[in-house]
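Undergrad: would you be able to build a 3D model of this:
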Amino acid sequence: AGVASWRVRFASPARAVLGGALALLACSDEAPATRSADAGTRVASSTPPARAWPPPANLDDLPALDDPAVDSRALQVVAGRTDWEDRWVDPNEAVRRGQTLVDLSDDWAPAVFADHQAADGRPLVNRYRQIFVGLANDRTDGDGQRLRPGERNFLELYGIPPSLSVIRRRFVASAAASCFADVDRSKLLAVESIATPGAESERKERERAAQRAARLEAAKTAAGVTSLDELGARDPKIAKELLAHRRHEAERAAFAEAEKRLICEKLLDPARHTMGRYDTAMRFAMLAFQQKSLVMAQGDISRGTLEALARPPLENDFLTLKRVLRERVAAAGGFLEDGSVATVLPAGTPPPAYFVTDDRGGKTAQPVPDLVGEGTAALLARMAIATPEDALAFFQRRGAGDFRRVYIAVRLPTAPPYYDGQMDLLAEIDRGDIWYEFPFDRTGQRLPQPRTRYPSFALYVRWQGQRIPLVRWRTTIGGWRSELADDGQEYLRYKESDVGPRVWRHVVAAPVWIPPASTSMTGFIKEKWVNGAIVKVPNHDEVGPGYLSAYGLVAGIHVEPRGSASRPTYFDNGIRTHGTFDYTSLRGRFSHGCHRLDNQAAVRLFSFVLRHRKSRALGPVPIDYRRRFMVQGELYDLRLLERGFMFELLPPLPVETLPGTIKGQLSAPLPGYLRKPGVVYARKAAPIPIEGPEAKAGGGGAERSGEPGEGTAR
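TA: As a prediction, the model looks like this:
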């Protein structure tokens, strides 16, 4: 899994509508920063806008409780005589008045991880809930073991946003840090990226840069000019070399500012780092910063990383807070619509709409709303937060531990009329552009296989004869992937995504992936700190349950209905819609056939489905899987006792995968194993792979009515 498979733990000490008066800062996930006129100045924090006091009265303000108990109160932020004040109110009264209680408690977890009760009254414990809460609060690691002092989990990119207590600590630490004033924003923003070579490549590049600088200085002296600019004006032949020199110098200057910022954030220990070098300590620190700031770069110093480094720490904390509040609002309101159905449309295309019929039979078009964004705006308004400084003030009014149990009483946007009882939902996956040709030519050079339409996932609701899109997100389909054959060598094989109508009959929270026989077990060992020592243990990260599982945090199982109406069966070919830790794969890479979603999106999706569709909690599904394997002469034992916490949808939810647009000459993928370019194989003919679902992880195959299906990580 590479860098993305590491759990990173490092030592580290929207304008809101306030009473309808202020405009909300965009609540979308991190937007690209723009260059501004003050890019050359050093800025320690943003300046809050001037405000009038008191603000307009908020009609949703409730009277304060005299002596509220912790478990029977809700919070509202109200205007005091000179500033904002916190007020505890009656949650039951808030609900009676049409308000919603948004849970900001530290022990919050998404609905897919909730405990349930069997029909006979037995408790069905969703064991991953406790791990989720421990990770979100920086208390435990993915195995449920306590973090060492100073360790932190930066897991928002993997679907586990930080708790409000963790965010509070970040705000307090950022406000206390004065070292950001020493970071020069202009140098960070002067380049589009910074090269991040390996140690040997970095050494060679530094030598080449030094030689280039010496040549330019010698040429300047020989020409009798006083500057390299003057030299370039006189001799156009050196323009290319001069450009490379300036780019290198600018990148080195930006790199120095990045080091300052990471040290300021207490992510980089200068005692373990060689200044000026992109060594291991610096790579880990940069990855931690990217994960903390939700930058999808995996250690590469991209433009998005530079913009995040250039932002004041409080602004990054503010962006994190807004993203976290989005998830809490979506959960409290039971919302899914996030504006994504309108963002992928060609320019000039009207936004998707649905039609409402009035009493006279007339139809009025209503745009599909961004309920999550609007709800987040309302929550920020209720919390009196419009700027990073407002957020800091909110957290400064709260003490450590005050978020153990906190609800905010707020009026969220009214749900559209298609939120009517059990929603008639259906999912659709567009495979986009498809290339079946082998991606290499006879010489081993990769062939261009451009795509203009990438795979997308959409969820619709059918209401009054209309098919209304709720979300549209990027996803993945299968393609050419490496696979271990029974001769012990790796070949390329096309991993197809099923086309046609299927259903989600079961949803699995914290699913477990069973590695098929073709999986190399070399990567199933990890080093872990246990009882004061580093030991090697079987790596459960990829198999799960957990955010690094090949299935992510939740999965919907694609099955094909077969059999008769009186005794239906469901054929499982191993295809899933599931979350993923490999968030960069959503930028256009391929899966092994499954349809991946960002972990957080998958959790929100299936929480929504379970809330708005009738379902039955089946609870933890037991398995007895054991695989012994050797790595470097050591014997290891991988044991799996549960497949995950399973729900059954009643009835199953339709999901269809569209064929997409076939590019190139082939209308179907080449079958079997194909040799990798440049690899010397021990046998002349490639072995014949085992076909069919029985060869996949967990078995696949037919699944009778009422029996949980089995599948494979795709």
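Undergrad: and stretch 624-641, how far out from the chain middle?
TA: Distance, stretch centre to chain centre, for stretch 624-641: 30 Å (Cα atoms, centre = their mean, to the nearest Å).
Undergrad: can you tell me the average pLDDT over that stretch?
TA: Mean pLDDT, computed over stretch 624-641, is 85.
Undergrad: send me that stretch as PDB with only the CA atoms.
TA: Presented in PDB, the C-alpha positions along stretch 624-641 are these (Å, rounded to 0.1, in the frame of the first residue of the first chain):
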ATOM      1  CA  ASP A 624     -13.000 -18.900  11.100                       C
ATOM      2  CA  TYR A 625     -10.200 -17.900   8.800                       C
ATOM      3  CA  ARG A 626      -6.600 -18.900   9.400                       C
ATOM      4  CA  ARG A 627      -3.600 -18.600   7.200                       C
ATOM      5  CA  ARG A 628       0.000 -19.500   8.100                       C
ATOM      6  CA  PHE A 629       2.800 -18.100   6.000                       C
ATOM      7  CA  MET A 630       6.500 -17.700   6.000                       C
ATOM      8  CA  VAL A 631       8.400 -14.400   5.600                       C
ATOM      9  CA  GLN A 632      12.200 -14.300   5.700                       C
ATOM     10  CA  GLY A 633      12.200 -17.600   7.500                       C
ATOM     11  CA  GLU A 634       9.800 -16.600  10.200                       C
ATOM     12  CA  LEU A 635       6.300 -18.300  10.600                       C
ATOM     13  CA  TYR A 636       3.300 -16.100  11.100                       C
ATOM     14  CA  ASP A 637      -0.300 -16.900  11.700                       C
ATOM     15  CA  LEU A 638      -3.100 -14.600  10.400                       C
ATOM     16  CA  ARG A 639      -6.500 -15.200  12.100                       C
ATOM     17  CA  LEU A 640      -9.800 -13.600  11.300                       C
ATOM     18  CA  LEU A 641     -12.800 -14.200  13.500                       C
END
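Undergrad: oh, and call the first residue 671 from now on, that's how I've got it
TA: Okay, using 671 as the starting number, the last item reads as stretch 1294-1311.
Undergrad: contact partners of it?
TA: 1182, 1184-1185, 1191-1192, 1194-1195, 1206-1208, 1210, 1213, 1292-1293 (Cβ atoms under 8 Å, 6 or more residues apart in numbering). In this view, the C-beta of every residue, glycine as well, is placed from N, C-alpha and C.
Undergrad: from these, pick the one nearest residue 986.
TA: The shortest approach to residue 986 among those belongs to residue 1210, at 32.0 Å (Cβ to Cβ).
Undergrad: what's near enough to touch the closest one?
TA: 813, 1216, 1308.
Undergrad: how about residue 883?
TA: Contacts for residue 883 were tallied using Cβ under 8 Å, 6+ apart; they are residue 915.
Undergrad: how close does it sit to residue 915?
TA: Applying Cβ to Cβ, to the nearest Å, one obtains 6 Å for the distance of residue 883 from residue 915.
Undergrad: hang on, the earlier thing: put together TSV for the contacts of stretch 1294-1311, with secondary structure and distance to residue 1234 on each row.
TA: Formatted as TSV, the contacts of stretch 1294-1311 follow (DSSP: H, G, I helix; E, B strand; the rest coil; distance: Cβ to Cβ, whole Å):
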residue	secondary structure	distance to residue 1234
1182	coil	32
1184	coil	30
1185	coil	35
1191	coil	42
1192	coil	46
1194	coil	42
1195	strand	48
1206	strand	52
1207	strand	48
1208	strand	44
1210	coil	41
1213	coil	36
1292	strand	29
1293	strand	29
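Undergrad: got a markdown table for those, with distance to residue 817 too?
TA: What follows is the contacts of stretch 1294-1311, written out as a markdown table (distance: Cβ to Cβ, whole Å):
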| residue | distance to residue 817 |
| --- | --- |
| 1182 | 24 |
| 1184 | 29 |
| 1185 | 28 |
| 1191 | 28 |
| 1192 | 28 |
| 1194 | 23 |
| 1195 | 22 |
| 1206 | 20 |
| 1207 | 17 |
| 1208 | 21 |
| 1210 | 18 |
| 1213 | 22 |
| 1292 | 30 |
| 1293 | 29 |
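Undergrad: all helices of the stretch 771-920 of the chain, in order?
TA: 798-806, 834-846, 855-858, 869-893, 898-904, 909-934 (DSSP state H, counting those that start in this stretch).
Undergrad: average pLDDT for the shortest one?
TA: Here the mean pLDDT over helix 855-858 is 96, rounded to a whole number.
Undergrad: the fifth one now?
TA: Helix 898-904 carries an average pLDDT of 83.
Undergrad: list of residues touching it?
TA: If you take Cβ under 8 Å, 6+ apart as the criterion, helix 898-904 is touched by 886, 889-890, 893, 895, 908-909, 912, 915.
Undergrad: for the stretch 1221-1370 of the chain, what spans make up the helices?
TA: In the stretch 1221-1370 of the chain, the helices defined using DSSP H, counting those that start in this stretch lie at 1269-1282.
Undergrad: what's the answer for the stretch 1021-1170 of the chain, then?
TA: For the stretch 1021-1170 of the chain, the helices defined by DSSP H, counting those that start in this stretch occupy 1041-1052, 1058-1066.
Undergrad: give the contact list for residue 1287.
TA: For residue 1287, the contact set (Cβ under 8 Å, 6+ apart) comprises 786-788, 794, 1315-1317.
Undergrad: and of these, the nearest to residue 1083?
TA: Distance from residue 1083 was checked for each of these by Cβ to Cβ. The minimum falls on residue 1317, at 27.6 Å.
Undergrad: fine by me, thanks again.
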